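Visitor: everything below, folded, please.
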Amino acid sequence: MQQEILSALLGLDIGRINTRASLFVISEGKYRLLDCGISPTSLGPELHLGTGVNAALQVLQQKSGHVIMKAEGGLVMPATAVGLGIDQVALTTSAGPRIRAVVLGLSEHGSLRAGYALAGSMMLALVGCFGLADLADGSSMVDALIRLRPDVVLLVGGEDAGAEAPVRRWIEVLRLAGALLPIQVKPTLIYAGNPSLENDIRRRLEPVLSLHIIPNIQPLIGEWDLVPAKNALEKEILRIWEDQVPGLVDLTNLTQNLTGSNGFMFNRSTRYLNRTFKGSQGELNGRGILAVDLGGGSTTISAGLDGQTGMVIEDACMDIASEQIDALCKTVQQWAVTPVTLQEVRQYVIEQALHPAVVPETIKALSLSQAAARYRLQHAAKQLSGNYPWFTLNDSPARAGHFEPVIASGAVLTQAPTPGQAMMILLDGLQPCGITTMVLDQNHLMPILGAAGEAQPVLPVHVLASDAFVNLGTVISPVSQASAGKDILTVQVAVDDGKTYSVDITQGTLRRLVIPPGVSAVLELKPSRQTDIGFNRMGVGGSLKVTGGLLGVVIDARGRPLRLPDADESRMEQLRRWLWALGG
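Guide: Predicted coordinates:
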């Protein structure tokens, strides 16, 4: 059955700080972003989400000239003529609170690790993670579950036709806890373990808990299948949010099931684009896509590589109550390009946690904001690598995955004073190897593309290839065993206008090649024998066709991992030199 083509699709993205309305229309046979409207999210006591949505729609209607709303209120649906009405609404949101969750499993390096990775990829607050050792005292575990009062319990463990006895013990713990908890606070149980125990699970636990049984999260040792569990958790998160967030039900009723949490749809968009979008380096091994969002409420990083996907969602406040806050502040201090004390960093971190929407108004505040963004990216990438062993960025390109493109959003990037500052945050935070393209999602479209793609699968591909996304520049990051100051790479540049030139790259440097936006060029890359640029192994070069972005081509030969001078003045001077290399 041929899918109906929608002439106009409205995307609503409701964040904790801002609400965005985006209108996608058909033009010359392809979907494109017509315009966007933004308004503060109306989230809080005695507020209704619809207030912020209406304000964003008014802005969108005025900017685009496309009639979206009726004079008496409500949406004009379906579209009846060019510039009049819409056919479909897609909604994503991160306005709800994190849902309290507990993971119950068996081995630390098996089902528990899979459960921990799953919880880290959803809007969950993991309040407990318990394994075999915790089963030694069943009554204490019952007490713990009653005390923690999770909204969701994820029970995992036992491969297909694998261990049964310890899972049965968890069943009894849950049966007792479920019987003792008041009905108002009984958690939803999601079982994603050994399928041979499904009948026992139903018989013992359905009378005392709301139960969902899904395919095993770890059907074989070392083999994960997280998608069914993510789908089940997503439904539960939305159900709880609809009960807790005024106005969300009214909005979801407009969407015909094109509704999802921001993070879930962000990851879906990454998965979808990983299957359909071909990067410019098709000849390289390990082709994937990486997307990051430095939002006011959370840091999200999502990766897809060779059919595998993973994501991490972390609180943007960087956990000010953590015992690690001193180490956190020291790391932020190291990346600041202006002199700041640890006390000033601590004060900044606390103020950002309390007021995430505050925009930096001084040079020092901007420096702290960008330094904190580097920390957030580094921490999230490290967490993603820990949860998903296949993910690595700053290893040798021959061993690391090749992510092309890297799509980035968040005001600290999209509203940076210069493109060079946005690029430096991404390079210092992610420290990629090999060859990639940095792309800015200036309108925060990735989550809504994940939802809209369910109605129109070609829409995300069309929009990503349009000017709705900004090409920041191609990045070449060689990894070399050479000492600092040694030549490691020769780049011969042939621009479409006939201009040609050659550049020698030395170890430890950061260099920009000016290729105007939209202009094509061919680069001949000739690495030294001990340098890897991503063409399968050390010393192998090749030809690379690029299209100029805002910064042309950036060659980051500073080494991996990046090392900063210990002395404060030397460190800040080094950071400034790197920034100047990209235009300040």
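
Visitor: tell me the strands beside whichever strand or helix holds Val156, with direction?
Guide: Using DSSP states H and E, Val156 maps to strand 152-157. Partners of strand 152-157 in the sheet, by DSSP bridges, are strand 99-104 (parallel), strand 188-193 (parallel).

Visitor: of the ones you listed, flag the one that's most buried.
Guide: strand 188-193 (a mean of 26; mean count of other Cβ atoms under 10 Å). To be clear about C-beta, it is placed using only N, CA and C from the backbone, and glycine gets the same treatment.

Visitor: run through who's touching that strand.
Guide: 105, 111, 151-158, 167, 174, 178, 198, 201, 205, 209-217, 228-229, 232-233, 236 (Cβ atoms under 8 Å, 6 or more residues apart in numbering).

Visitor: which SSE is immediately downstream of it?
Guide: Using DSSP H and E, the first helix or strand after strand 188-193 is helix 198-205.

Visitor: so how far is that next one from its chain's centroid?
Guide: 36 Å (Cα atoms, centre = their mean, to the nearest Å).

Visitor: CA atoms of that helix as CSV?
Guide: Only the C-alpha atoms of helix 198-205 are listed here, as CSV (Å, rounded to 0.1, in the frame of the first residue of the first chain):
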residue,chain,number,x,y,z
GLU,A,198,7.3,-16.3,31.5
ASN,A,199,4.5,-18.5,32.8
ASP,A,200,5.9,-18.4,36.3
ILE,A,201,6.2,-14.6,36.1
ARG,A,202,2.6,-14.2,35.1
ARG,A,203,1.3,-16.6,37.7
ARG,A,204,3.3,-15.2,40.6
LEU,A,205,3.4,-11.5,39.8
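
Visitor: before we move on, back to that, ChimeraX command for the buried members of the contacts of strand 188-193?
Guide: For the buried members of the contacts of strand 188-193, the matching ChimeraX selection, counting by 16 or more other Cβ atoms under 10 Å, is:
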select :105,111,151,152,153,154,155,156,157,158,167,174,178,201,205,209,211,212,213,214,216,217,229,232,233,236
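
Visitor: quick one: low-confidence parts of this structure?
Guide: Counting by pLDDT under 70, the chain contains low-confidence residues at 1-4, 277-286, 317-323, 394-401.

Visitor: let me see the domain layout of it.
Guide: 8-96, 99-243, 264-581 (automatic domain parsing).

Visitor: and Gln256, which of these is closest to it?
Guide: With Cβ to Cβ as the criterion, Gln256 lies closest to domain 8-96 of the domains of the chain, at 6.9 Å.

Visitor: ends of that closest one, what's the gap?
Guide: 28 Å (Cα to Cα, to the nearest Å).

Visitor: now do the strands in the stretch 1-150 of the chain.
Guide: 8-14, 18-27, 30-40, 88-93, 99-104, 124-130 (DSSP state E, counting those that start in this stretch).

Visitor: any chance of JSON lines for these, columns distance to Met423?
Guide: Shown next, in JSON lines, are the strands of the stretch 1-150 of the chain (distance: least, Cβ to Cβ, whole Å):
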{"stretch": "strand 8-14", "distance to Met423": "25"}
{"stretch": "strand 18-27", "distance to Met423": "24"}
{"stretch": "strand 30-40", "distance to Met423": "23"}
{"stretch": "strand 88-93", "distance to Met423": "27"}
{"stretch": "strand 99-104", "distance to Met423": "36"}
{"stretch": "strand 124-130", "distance to Met423": "33"}
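
Visitor: between those strands, which gets nearest to Asp250?
Guide: Of the strands of the stretch 1-150 of the chain, the one closest to Asp250 (Cβ to Cβ) turns out to be strand 88-93, at 10.8 Å.

Visitor: and the helix or strand harbouring Thr474, what other elements does it pack with?
Guide: Here Thr474 sits within strand 470-477, counting by DSSP H and E. Counting by 3 or more Cβ pairs under 8 Å, 6 or more residues apart in numbering; DSSP states H and E, the packing neighbours recorded for strand 470-477 are helix 419-430, strand 434-440, strand 542-547, strand 553-557.

Visitor: 7 Å instead?
Guide: Under the contact definition 3 or more Cβ pairs under 7 Å, 6 or more residues apart in numbering; DSSP states H and E, strand 470-477 sits against helix 419-430, strand 434-440, strand 553-557.

Visitor: partners of whichever helix or strand comes after that strand in the sheet?
Guide: Using DSSP H and E, the next helix or strand after strand 470-477 towards the C-terminus is strand 479-480. Applying DSSP bridges to the sheet, strand 479-480 is found paired with strand 531-532 (antiparallel).

Visitor: how distant is the partner strand from the center of its chain?
Guide: Worked out by Cα atoms, centre = their mean, strand 531-532 lies 29 Å from the chain centre.

Visitor: ok, stretch 256-275 next?
Guide: The answer for stretch 256-275 is 11 Å, by Cα atoms, centre = their mean.

Visitor: how about residues contacting that stretch?
Guide: Contact with stretch 256-275 is made by 13, 15, 88-94, 121-123, 230, 234, 237-238, 252, 288-289, 291, 293, 300, 302-304, 309, 311, 313, 446-447, 449-455, 460, 464, as judged by Cβ atoms under 7 Å, 6 or more residues apart in numbering.

Visitor: got the contact list for the spatially closest residue to Ala125 that is not a sequence neighbour?
Guide: Closest residue to Ala125 apart from its sequence neighbours, by Cβ to Cβ, 6 or more residues apart in numbering: Arg98 at 3.9 Å. Shown in contact with Arg98 (Cβ under 7 Å, 6+ apart): Met123, Leu124, Ala125.

Visitor: quick one, which of these are buried?
Guide: Of the contacts of Arg98, these count as buried by 16+ other Cβ under 10 Å: Met123, Leu124.

Visitor: how about Arg168, secondary structure?
Guide: Taking DSSP: H, G, I helix; E, B strand; the rest coil as the rule, one finds Arg168 in the helix state.

Visitor: which ones are touching it?
Guide: So Arg168 contacts Asp200 (Cβ under 7 Å, 6+ apart).

Visitor: now with 10 Å, please.
Guide: Counting by Cβ atoms under 10 Å, 6 or more residues apart in numbering, Arg168 touches Gly158, Asn194, Leu197, Asp200, Ile201, Arg204.

Visitor: residue furthest from the geometric center of the chain?
Guide: Gly498 (39.8 Å; Cα atoms, centre = their mean).

Visitor: neighbouring strands - and their directions - for the strand holding Thr474?
Guide: According to DSSP bridges, strand 470-477 forms sheet pairs with strand 434-440 (antiparallel), strand 553-557 (parallel).

Visitor: mean neighbour count for those - can I get that in a markdown table?
Guide: A markdown table is the format used below for the strands paired with strand 470-477 (neighbours: other Cβ atoms under 10 Å):
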| stretch | mean neighbour count |
| --- | --- |
| strand 434-440 | 25 |
| strand 553-557 | 24 |
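
Visitor: what about Trp580, how many residues nearby?
Guide: Trp580 has 11 neighbours, counted by other Cβ atoms under 10 Å.

Visitor: might you report the residue contacts of the residue nearest to Glu351 when sequence neighbours are not counted?
Guide: Excluding the flanking residues, the one nearest Glu351 by Cβ to Cβ, 6+ apart is Val358, at 6.9 Å. Neighbouring residues of Val358 by Cβ under 10 Å, 6+ apart: Gly296, Tyr348, Glu351, Gln352, Ala365, Ser369.
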